[in-house]
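In: structure for the following, please:
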Amino acid sequence: MAALAAAIRRWASELGFSALSIGEAKLPPAVGEDLQRWLAAGFHGGMDYMARHAHMRIHPAELMPNVSRVISVRMHYWPLASPAAEVLGNGALAYVSRYALGRDYHKFVRARLQKLAERITRTVPASTRIFTDSAPVLETEFAQRSGLGWRGKHTLLIARDPGSPPSSGSCFFIGEIFIDLPLPVDAPAANHCGRCTACLAACPTGAIVAPYRLDARRCISYLTIEHPGSIPESLRPLIGNRIYGCDDCQLVCPWNRCAPQSDDFTVRNGLDSASLVSLFAWGEAEFLQRTAGSPIRRIGHERWLRNIAVALGNAPRSPELLAALRVRAGDASALVREHVGWALERQGSSKTAEISNAKIGTD
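Out: From the prediction side, this is the model:
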């Protein structure tokens, strides 16, 4: 088993994974109790599946009855892109979380995991099941317990790898292979956050309510991706120009100063520094065409326009901006109309007049 584990690490590296760890396929009762407290507080927001499948998250055997070990892997994603701080500092530009600028990681990481699992089962008789943010698996919990990294105060996994130069940070994807072999397990990683609370202070909406505790209802990633309805008005000004996700808690993390870049998730459609006005002009057909193979497609065109409308409401006023909002003031979607109306009012324009003008074509 030790020789096989060493071979699996080598194969994972050949497939582009930056690290691999092996842990037991069981969690202590305290993990389940903490999850239940988080759910009871309502911090999962509208993600009902978090509560619906809580039992599976706590008991991996519900997903694979004969599972013995969880193999966790990580793959760096930070692309060569326009500096995040510069985009966030220019209200006329759209900020897209750096992980979503290129191809869909679900498919890419899953395909690599599938190759790794197949390599294992060609070598020894084994049953496996792979996951990439695709099932009720407490990924970060398994990863930290097997030493892939430690849970940061922003709740994301952070890693520190030796080398010259060293690599570290939280800008990577996680995936798992459940396996029925008693492979030797790795020791947990030590927590190196110390007294630092930079991520808590940096969160634009105060979603990190305490170290290691996130209220998804206030998280910009949740609001712009998972949340299907109207974004609470009190939070809209805090979203700024972030139209898909948020990286603020990672951008300030000292460990990400040495985060390596990846060539696997190359920027598509110039989304690393596109203008809000240009993206707001995408019709549904163009949206679907341009986001093919991208994680962004999952939110759909309606939420895409909703998010950009909020950002336009927060952007510097300009004739181009107002013209773009007026075009959408009479949109067929009530959700889009609501957020466009808010943006127009925030820009000092009359909501009623703009909608009326858009309908009769007089503006």
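
In: so where's the stretch 51-200 of the chain shaky on pLDDT?
Out: Within the stretch 51-200 of the chain, the segments meeting pLDDT under 70 span 163-166.

In: the closest residue to A19 other than its chain neighbours: which element?
Out: Of all residues not flanking A19 in the chain, R74 sits nearest, at 5.3 Å (Cβ to Cβ, 6 or more residues apart in numbering). Heads up, the C-betas are built off the backbone N, CA and C, glycines and all. Using DSSP states H and E, R74 falls within strand 69-76.

In: ok, that strand: who's next to it in the sheet?
Out: Strand 69-76 has its sheet partners listed here by DSSP bridges as strand 19-24 (antiparallel), strand 172-179 (antiparallel).

In: now that strand - C-alpha only, CSV.
Out: The C-alpha coordinates for strand 69-76 follow below in CSV (Å, rounded to 0.1, in the frame of the first residue of the first chain):
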residue,chain,number,x,y,z
ARG,A,69,-9.9,6.4,2.1
VAL,A,70,-10.3,9.8,0.6
ILE,A,71,-7.6,10.9,-1.8
SER,A,72,-7.6,14.7,-2.0
VAL,A,73,-5.9,16.7,-4.8
ARG,A,74,-5.4,20.3,-5.6
MET,A,75,-4.7,22.2,-8.8
HIS,A,76,-3.6,25.8,-9.1
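
In: gap between the helix or strand following it and the chain center?
Out: Note on strand 69-76: by DSSP H and E, the next helix or strand toward the C-terminus is helix 84-88. Computed by Cα atoms, centre = their mean, to the nearest Å, the chain-centroid distance of helix 84-88 equals 18 Å.

In: can you check stretch 296-304 too?
Out: Using Cα atoms, centre = their mean, the offset of stretch 296-304 from its chain centre is 14 Å.

In: deepest-packed of the strands paired with strand 69-76, please.
Out: Burial of the strands paired with strand 69-76 is given as mean neighbour count (mean count of other Cβ atoms under 10 Å); strand 172-179 ranks first at a mean of 25.

In: before we move on, the earlier item: is the residue nearest to A19 in a bridge, and if so with what?
Out: What pairs with R74, by the bridge criterion (DSSP bridges), is A19, I174.

In: before I go, just wanted to say thanks for your time.
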